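Participant: Take this sequence and fold it.
(chains A and B)
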Amino acid sequence: DAKTTQPNSMESNEEEPVHLPCNHSTISGTDYIHWYRQLPSQGPEYVIHGLTSNVNNRMASLAIAEDRKSSTLILHRATLRDAAVYYCILSRPNTGNQFYFGTGTSLTVIP
Amino acid sequence: EADIYQTPRYLVIGTGKKITLECSQTMGHDKMYWYQQDPGMELHLIHYSYGVNSTEKGDLSSESTVSRIRTEHFPLTLESARPSHTSQYLCASSDAGTANEKLFFGSGTQLSVL
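Facilitator: Residues are numbered from 1 along each chain as shown, chains lettered A, B, ... in the order given. The predicted structure follows:
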């Protein structure tokens, strides 16, 4: 399985932007980059995903490096409800365990 | 909003009991998964299914079994629960076969075996 590396934890002040990094140096050409987050006592929820180009949706933005060996999830204005564990995942379509979850980054938002 | 449901939300049970964790989804997804997660740890895939009558073992060996008789239903069974089975069990489904495939998770079942 292609692995990702994320910092164990990060902190952000409320209403400031947050940049969550992810390294995936062994990414292959068919791997999609997914981000999920897990709020306390909940199952993970989808945030965003992309292949090569940067992506934006109502929750966040995804910036993908040109060589695709790293990516950054951007929360434009952190709120207290964004406190969660964020997982960066490489997804290879049509394989068995295509969603490998590591330990993620635990984001603390400071009021 | 995800339409995938897990029951019970919490379960405390004695050693040796047989238990079934229920998971249902109303999205018509073919692919379904069971993950196991201990506090502060990563999710481990224990079972998945490509569709009706399909079940596969995941990366983490588990004493549990699963069945997939209907598309919407993917129950997990432990024949004889032990304290080592204490964990959170998360069920998920996905719209498999597309480049935009995404996972949808239930809220999980927190199992405690005494």
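
Participant: is chain A contacted by stretch B:28-44?
Facilitator: Yes: shown here: stretch B:28-44 in contact with chain A (CB under 8 Å from any CB of the partner chain) through B:33, B:35, B:40-43. The way it works is simple: take the backbone N, C-alpha and C, and place the C-beta from them, glycine included.

Participant: Roughly how far does the closest residue in space to A:Y32 that isn't next to it in sequence sit from B:S87?
Facilitator: Nearest residue to A:Y32, sequence neighbours excluded (CB to CB, 6 or more residues apart in numbering or on different chains): A:S91, at 4.5 Å. Remark: distance between A:S91 and B:S87 (CB to CB, to the nearest Å) = 24 Å.

Participant: ok, back up a step: burial of the residue nearest to A:Y32, as a residue count?
Facilitator: 21 (other CB atoms under 10 Å in any protein chain shown).

Participant: B:G58 now?
Facilitator: With neighbours defined by other CB under 10 Å, the count for B:G58 comes to 17.

Participant: what's near enough to touch it?
Facilitator: Applying CB atoms under 8 Å, 6 or more residues apart in numbering or on different chains to B:G58 gives the contacts A:96-97, B:33-35, B:44-48.

Participant: which other residues reach the helix or strand containing B:H47?
Facilitator: Following DSSP states H and E, one finds B:H47 within strand B:43-49. With contact meaning CB under 8 Å, 6+ apart, strand B:43-49 is reached by A:44, A:96-97, A:99-101, B:31-37, B:55-60, B:62, B:64, B:66, B:68, B:74, B:76, B:90.

Participant: any idea what sits nearest the single nearest residue of chain B relative to chain A, other than its immediate chain neighbours?
Facilitator: With CB to the nearest CB, the shortest gap between chain B and chain A falls at B:F105, namely 3.0 Å. Excluding the flanking residues, the one nearest B:F105 by CB to CB, 6+ apart is A:G43, at 3.0 Å.
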